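> fold the following, please.
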Amino acid sequence: MPAYSVRLSIWIVAAVLVLFGVAFLLLYSPIKRFLMKTQTVRMYYRRIKRVVEDRDFLLINDFENKTASQEPFHIDHLIIGNKFFYAIRDRYYDGALAAKETDNSWIFYHGRQSKMIANPMLRNELRVEKLCLLSRIQEQEIISIVLINDDCMITPIESSNPNSYIVSLKQLPELIDIIEAREGVQPIDAHSAEIIARDFAELNLHGKI
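Numbering: from 1, shown residues only. A predicted model of the protein is given here:
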């Protein structure tokens, strides 16, 4: 093969690789945002699963049940940690949040538009209360976490409730490690954790109703 043809082939291959690289860089973020928005629970599950496996915790996904008044409630992820239980709600916000911990409503900004949304922290705290009524777990043993996307901008929140948080995916592992390091809290023994996990599995009505 003539040297010119070899050089031309190499140039074509290099050009194709560069085009693929540029396309990947341009499309990666939009595709990731699209998947995060449309497949929020599934995409967040990957990070949560890693956190659980790295720390030898137990995980129950898609927990559903009803209150005594037949009001349904849903918790995306229940984690049984070494010292605490975690009730996690997944949320994706493609914009910014102006938030105060105790306000019933927050302002969600998307581009030039804004609208009021229900405070997701308060709503998840209500789910925790409902969960406690079903189980033998005390409310102070459960940590309420609203999990949001990393690129969501939110005003700083100084929570007065040590058991309620809103946190990004990236910050979740660090938050859980800080909570699990709290002193003066007795660990959950492995046998009790397995019994509680089975109880949650039996109480879970997901796919049963």
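
> quick one, what contacts the residue nearest to the spatial centre of the chain?
Against the mean C-alpha coordinate of the chain, by C-alpha atoms, centre = their mean, the closest residue is L147 at 3.7 Å. L147 makes contacts with 44, 48, 76, 88-91, 167-169, 172, as judged by C-beta atoms under 8 Å, 6 or more residues apart in numbering. For every residue, glycine as well, the C-beta is placed using N, CA and C.

> between these, which has the most around it?
The most crowded member of the contacts of L147, judged by other C-beta atoms under 10 Å, is I48 (25 neighbours).

> what about the residue nearest to K130 when sequence neighbours are not counted, which SS state?
Once flanking residues are discounted, K130 sits nearest to F73: 4.9 Å by C-beta to C-beta, 6 or more residues apart in numbering. Following DSSP: H, G, I helix; E, B strand; the rest coil, the label given to F73 is strand.

> across the sheet, point out what pairs with F73.
Taking DSSP bridges as the rule, F73 bridges to N65.

> burial measure for it, as a count.
17.

> from I148, how far out is it?
Distance, F73 to I148, using C-beta to C-beta, to the nearest Å: 20 Å.

> ok, which stretches of this protein are helices?
Counting by DSSP state H, the chain has helices at residues 3-38, 40-55, 120-134, 172-180, 190-203.

> now do stretch 77-90: distance from first to last residue.
One end of stretch 77-90 to the other measures 8 Å (C-alpha to C-alpha, to the nearest Å).

> please apply the same query to stretch 182-199.
One end of stretch 182-199 to the other measures 26 Å (C-alpha to C-alpha).

> re earlier: thought the residue nearest to K130 was touching T67?
Yes. Counting by C-beta atoms under 8 Å, T67 is a contact partner of F73 at 6.9 Å.

> residues in contact with C152?
Going by C-beta under 8 Å, 6+ apart, C152 touches 92-97, 168.

> relative to V52, which of the residues you listed is nearest.
S168 (17.7 Å; C-beta to C-beta).

> does the closest one touch D150 like I think?
Yes. The pair S168 / D150 is scored as a contact, 4.8 Å apart, by C-beta under 8 Å.

> having no further points to raise, I will conclude here.
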